[in-house]
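> Below are the sequence and a predicted model; questions follow.
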Amino acid sequence: MKLVTFDDGRVGRLELEERLILPLDVASTREYFERDGRVAETGERLALDGVRLRAPIVPKKFFHTSGNFREHEDESKNVDWSHPIHKGIVFFQNVDAIVGPDEPVIYPEHLTSELDYELEIAVVIGRPGKFFGVDDAPDHIAGYVVFNDITARDIQRREMESGVFSFCKAIDTFCPLGPYIVTADEIPDAQDLDMELRVNGQVRQKSNTNRMSVSIPHLVAYHSPQGYSAGDLISTGTVQGVAGFSGDPDLYLKPGDVVEAEVERLGVLRTPIIGWEEGHGTPVPEKVDW
């Protein structure tokens, strides 16, 4: 099943080939998972082209995983940062920063001049739990969704002087998610999905989930001591090809760019980048330093 959130927060099942949405009688996608999918359809049939897709879910908790693709860890050695990016770095995403398909990332020019992209998939938790092992992890996985982990590299570089980072990824609109959630039963092997990110049609990142250092079930088990609620998300790390480790500053995102983050079977998440004044209708504010 492909689950969407649309218009003012309605939830539906997407029939992609027919380009139809079958609305569900539930208040949110989180509630859908809290009810273990025991939700009836309303009987409506809506044209996909006649609705506006939103972020498919806003979780209670969004767990971040860093450095899980060895290729990304390796490319990070191209820059002289104070601390390495190893697997096992864990932090939380700001869920208020989530935006949906075709919703813009607003470039905060007063905060960063190094806006970067990171193609990832996020795991959707369906069954609550804590302190479980790898063998039990698949029972807690409900689905998958494309995630673009927008990052202010210059802020991240400063944060890494303390060996941690969070603010650089948590700024308003820095969390594009979508276009829909694909339930786990539609994904025969989540460890063999092609991944590609394009900026203005130019391929920047290209890989496969089989290159993860730590498998998805292992990640889900690893995070479980923090406790899961139905609908929580876990990122799985990005692949090689980010602008910040390329040595080419021209690859950083700028207003007017369009990013397409695509994962096999999970769809294409399209995200335009717009300037502060276009996004907020106000002059760029002064930067507040720490």
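Okay, I see it.
> Would you tell me what helix or strand the most far-flung residue of the chain relative to its centre is located in?
No residue in the chain sits farther from the centre than residue 43, which is 31.0 Å out by Cα atoms, centre = their mean. If you go by DSSP states H and E, residue 43 is not part of any helix or strand.
> quick one: it from residue 25, how far?
9 Å (Cβ to Cβ, to the nearest Å). Just so you know, the C-beta spots here come from the backbone N, C-alpha and C atoms, and that holds for glycine as well.
> residue contacts, the closest residue to residue 6 other than its chain neighbours?
Leaving aside its sequence neighbours, residue 6 sits nearest to residue 51 (Cβ to Cβ, 6 or more residues apart in numbering; 4.3 Å). Contact partners of residue 51, counting by Cβ atoms under 8 Å, 6 or more residues apart in numbering, are 6, 7, 21.
> tell me the centre residue of the protein?
Most central in the chain (Cα atoms, centre = their mean) works out to residue 147, at 2.0 Å.
> residues in contact with that one?
Residue 147 neighbours (Cβ under 8 Å, 6+ apart): 120, 121, 122, 175, 176, 177, 233, 235, 261, 269.
> ok, so of the residues you listed, who is nearest residue 216?
Using Cβ to Cβ, residue 121 comes nearest to residue 216 of these, at 8.6 Å.
> Ramachandran coordinates for that closest one?
Main-chain dihedrals, residue 121, degrees, to the nearest 10: phi -110, psi 150.
> Please enumerate the helices of the stretch 1-150 of the chain.
With DSSP state H, counting those that start in this stretch as the definition, the stretch 1-150 of the chain shows helices at residue ranges 29-34, 70-75.
> which of those sits most buried?
helix 29-34 (a mean of 22; mean count of other Cβ atoms under 10 Å).
> Packing partners of that helix?
Counting contacts by 3 or more Cβ pairs under 8 Å, 6 or more residues apart in numbering; DSSP states H and E, helix 29-34 is packed against strand 2-6.
> Count residues in the vicinity of residue 272, would you?
15 (other Cβ atoms under 10 Å).
> What count of nearby residues applies to the residue nearest to it when sequence neighbours are not counted?
Spatial nearest neighbour of residue 272, chain neighbours left out: residue 104 (4.7 Å); criterion: Cβ to Cβ, 6+ apart. Taking other Cβ under 10 Å as the criterion, the count of residues near residue 104 is 17.
> I'd like the numbering to begin with 55 instead of 1 from here.
Happy to do that; since the first residue is 55 now, the last one works out to residue 158.
> Report the contact partners of residue 158.
Applying Cβ under 8 Å, 6+ apart, we find residue 158 in contact with 227, 325, 326, 327, 328, 333.
> okay if I get those as a markdown table plus secondary structure, pLDDT and distance to residue 129?
Supplementary listing: the contacts of residue 158 in a markdown table, determined by DSSP: H, G, I helix; E, B strand; the rest coil; pLDDT from 0 to 100; distance: Cβ to Cβ, whole Å:
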| residue | secondary structure | pLDDT | distance to residue 129 |
| --- | --- | --- | --- |
| 227 | coil | 98 | 26 |
| 325 | strand | 98 | 22 |
| 326 | strand | 98 | 26 |
| 327 | strand | 98 | 22 |
| 328 | strand | 98 | 28 |
| 333 | helix | 97 | 30 |
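> Which one (most neighbours) among the residues you listed?
Tallying neighbours with other Cβ under 10 Å puts residue 325 at the head of those, with 25 neighbours.
> doesn't residue 153 make contact with that one?
Yes. The criterion here is Cβ atoms under 8 Å, and residue 325 meets it with residue 153 at 7.5 Å.
> shaky segments in the chain?
Within the chain, the set of residues satisfying pLDDT under 70 comprises 126-127, 130-132, 134-142.
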